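Asker: sequence first, predicted coordinates after that:
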Amino acid sequence: MRFAAEISELELGDYQRAIRLVLRHPLITPTWPDERALRRVRRFSAQLRRDLTEAFGYRLELHGSTARLVRTADWVDPDRAALTRTGRSFDRQRYAYLSLCLAVLSRAGIQITLSEMADAVGSDANRITGLGFDPDSGADRCALVDAVGWLEERGVLRLTDGSSASWVGNPRAGEALYDIARDVVVTLFRPPRVLQHVDSVRALLERPMSRGGNAERRAAAQAARRAVIESPVVYYADVTADVLNHLRGATLPGDLHRLTGLRVERRADGVALIDTARLSVEQFPGTGSVAQAAVLLAVEMSDRVIDPDGRRVKWMAAPHPGGRQRELITQIDVGLPAARINLTDEPEPATPTEDAEPDDTRYPFITDSFLREAVTGMLARYGSAFGAAWQADPDHLRAEAVALLQRFGMVIPVPGGVLVRPLAGRYRNTVAQVRQRALF
């Protein structure tokens, strides 16, 4: 056994739960994600450090009452946004305020008031072109409180008096006092590179080149394991040849099952880790109107592809994954100060996904008009399962459902529609059952 070598069979289940806990929650504090999490990690800390480093190239750090998993990123992932307490994704303003809050807390003592933090964040934000902070603006105050709430949830701040809601409503009358967890602040913000030397987010993906055949094979094996645990599905067409060899190899399923307790399913087109233990934050199929619509859309698209009586479906080659990465990197780099942007004509280094072989695999093309008709039909058939807001805006429901399917690797949005990938076919025999809402 290469992994969990010193873990007895009696303790293996607990160890696998600890692995899944760290992979799902890279930051663990005395209160986040719950009060028992830190004890579970500390129980197996030595073995966790070895296995996470050897298997994935990750680094587990424990400082005081905080555990932090430092991941190795292979690509820019747009689907892991920080969320507010109401489930809203952070925008650029909230991310900027979150970073400024951490900078303020690193200079603060053991306590801070919300108004003091607002003054300090505002002072820094108003020196940044395009950001700013106006204490008289309700939108700016809400954005700051969302950033503070994210820190409070994770145990960086602990409310001891007052209320952030009252401060948002009236900053001159309301106030909130927080205790600061110094060890969590230090652990939370530890960039792998000196940010003043980073001219593009690409630099955060770069790693030293492996020297020697054994080192290259080890790095490729780690990249393959990372891809399987970080993505809902890994298609062979999307990875480099060396990673592909390990995805198809005999050892990967056993290694990941030993570490996580989860089963690897391998098909002709790719590999997926069957998440029966909620390793991922987001689940599919899930609950809620968008998740229900996404499953029904997957069924409709799969039936359309294999329908022998319907009009023939057009098959198209997928865009190269490197193109989407370049687009995301460009969008992120727009936020860099103008003086820091690299304006030289030197070629940009490739990200791992750009090194993949060109994908000549063709996928069935489903038009936007078909998707609109499918959503209209499901709203008519299962009206009681969807609220009035979705009934009034079917295009929004369609867009959200398609975005969910994209996050789980089932479709690729292209102009005029989507390309349906093989994972969607897994749900083609799904039968929908609608529960009737009680009238009283």
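Answerer: It's in.
Asker: residues of stretch 76-93 that come out buried?
Answerer: Within stretch 76-93, the residues that qualify as buried are 76, 84, 90, 93, counting by 16 or more other Cβ atoms under 10 Å. To be clear about C-beta, it is placed using only N, CA and C from the backbone, and glycine gets the same treatment.
Asker: among those, show me the least confident.
Answerer: Going through those one by one, the lowest pLDDT turns up at residue 76, 89.
Asker: now do the SS call for that one.
Answerer: On the three-state scheme (DSSP: H, G, I helix; E, B strand; the rest coil), residue 76 is labelled coil.
Asker: that one: what's it in contact with?
Answerer: For residue 76, the residues meeting the contact criterion (Cβ atoms under 8 Å, 6 or more residues apart in numbering) are 201, 205, 325, 328, 329, 332, 351.
Asker: before we move on, what about residue 425?
Answerer: Each residue near residue 425 by Cβ under 8 Å, 6+ apart is listed here: 302, 305.
Asker: may I ask you to confirm that it belongs to a helix?
Answerer: Yes. Counting by three-state DSSP, residue 425 is located in a helix.
Asker: out of the buried residues of stretch 76-93, the closest to residue 189 would be?
Answerer: Compare each of these with residue 189 using Cβ to Cβ and the shortest gap goes to residue 90, at 15.6 Å.
Asker: surely the closest one is in contact with residue 84?
Answerer: Yes. Applying Cβ atoms under 8 Å as the test, residue 90 and residue 84 come out as touching, 7.1 Å apart.
Asker: what do the two both touch?
Answerer: With Cβ under 8 Å, 6+ apart applied, the overlap between the contact sets of residue 90 and residue 84 consists of 146, 150.
Asker: ok, the residue nearest in space to the middle of the chain to residue 220 distance?
Answerer: Residue closest to the average C-alpha location in the chain (Cα atoms, centre = their mean): residue 80, at 2.3 Å. Going from residue 80 to residue 220 by Cβ to Cβ, to the nearest Å gives 24 Å.
Asker: a strand runs through residue 316, doesn't it?
Answerer: Yes. Read with three-state DSSP, residue 316 is one of the residues of a strand.
Asker: neighbours of it, how many?
Answerer: 14 (other Cβ atoms under 10 Å).
Asker: gap between it and residue 419?
Answerer: Taking Cβ to Cβ as the measure, residue 316 falls 6 Å from residue 419.
Asker: pretty sure residue 207 is in a helix, no?
Answerer: No. Counting by three-state DSSP, residue 207 falls outside a helix, being coil.
Asker: how about it, what does it touch?
Answerer: By Cβ under 8 Å, 6+ apart, residue 207 lies in contact with residue 72.
Asker: what's the pLDDT at it?
Answerer: The predicted structure scores residue 207 at 71 on the pLDDT scale.
Asker: burial of the nearest residue to residue 276 once chain neighbours are set aside, as a residue count?
Answerer: Computed as Cβ to Cβ, 6 or more residues apart in numbering, the closest residue to residue 276 that is not its neighbour in sequence is residue 262, at 6.5 Å. A count of nearby residues for residue 262, using other Cβ under 10 Å, gives 20.
Asker: residue 262 contacts residue 279, correct?
Answerer: Yes. Counting by Cβ under 8 Å, residue 262 touches residue 279, with 6.6 Å between them.
Asker: name the residues contacting each of the two.
Answerer: Taking Cβ under 8 Å, 6+ apart as the criterion, residue 262 and residue 279 both touch 20, 273.
Asker: shouldn't the residue nearest to the centre of the chain be within a helix?
Answerer: No. Secondary structure of residue 80, determined by three-state DSSP: coil, with no helix assignment.
Asker: what are the phi and psi angles of it?
Answerer: Phi and psi for residue 80, reported as degrees, to the nearest 10, are phi -130, psi 50.
Asker: before we move on, what about residue 362?
Answerer: phi -110, psi 140.
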